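**Q** compute the structure for the input listed below.
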Amino acid sequence: MIKIGELSKRTGCSIQTIRYYEKELLLTATGRSEGNYRLYDDNSISQLLFVKQCRSLGISLKEIKRLISLKNSPDSACEDVSEIVDEHIKQVEIKMKELKSLHANLKSLRTQCLNPHTVQKCGILKQLTLTNTNS
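**A** Below you'll find the predicted structure:
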C-alpha cells in the first residue's frame, strides 16, 4: 500500500490530478492509513495509468468513465468499446478540419504584413480591426 505522493511519483500524475480523478470516480483509494491518509495498491496504479493513457489520446472523462465501466464488465460486447473510439475518431476529424481552416486563416492574415513597418501601418492589425468591425 502506498500514499498519494508515491502514487504520483510512480505514475507521473500530479497529486491534484489524482484527487480530481477520485472526485470524478475514475480512481478509488483502497483504504486509509491510521493517520487518515489515502492508500493505494497496484490496482490503483493500473487504474490511474489507464486514465492517463486515455487522456493522452484526448478521450473525454465521460468516455473514460464508460470505458472503465465496460472494462469492469468483461462479458460486455467489445463493439461498445469500438463505438466509443469510433465516435472519438469522428470528433478528432472535426477538430482537424477546424485546425486546418484556422491554419489557412492565419497564413492568409500573415500575408497582410510581409515587409517591416511600424505598428501604425501593420497590415495584420488593420485586417484584425476590419474583421472585428464586420462581425
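**Q** going forward, measure contacts between C-alpha atoms and count neighbours the same way
**A** OK.
**Q** is it true that residue 39 lies in a strand?
**A** Yes: judged by DSSP: H, G, I helix; E, B strand; the rest coil, residue 39 forms part of a strand.
**Q** partner residues bridging it?
**A** Applying DSSP bridges to residue 39 gives these bridge partners: residue 31.
**Q** correct me if wrong: it contacts residue 28.
**A** No: taking contacts as C-alpha atoms under 8 Å, residue 39 lies outside contact range of residue 28: 9.4 Å.
**Q** distance of residue 58 from residue 113?
**A** 35 Å (C-alpha to C-alpha, to the nearest Å).
**Q** who's more crowded, these two?
**A** A direct count of neighbours by other C-alpha atoms under 10 Å for residue 58 and residue 113 places residue 113 higher, at 16 against 13.
**Q** tell me the SS of the more buried one?
**A** With three-state DSSP as the basis, residue 113 sits in coil.
**Q** can you check which helix is longest in this protein?
**A** Criterion DSSP state H: the longest helix present in the chain is helix 78-110.
**Q** and it, how far out from the chain middle?
**A** Put simply, helix 78-110 sits 14 Å off its chain's centre (C-alpha atoms, centre = their mean, to the nearest Å).
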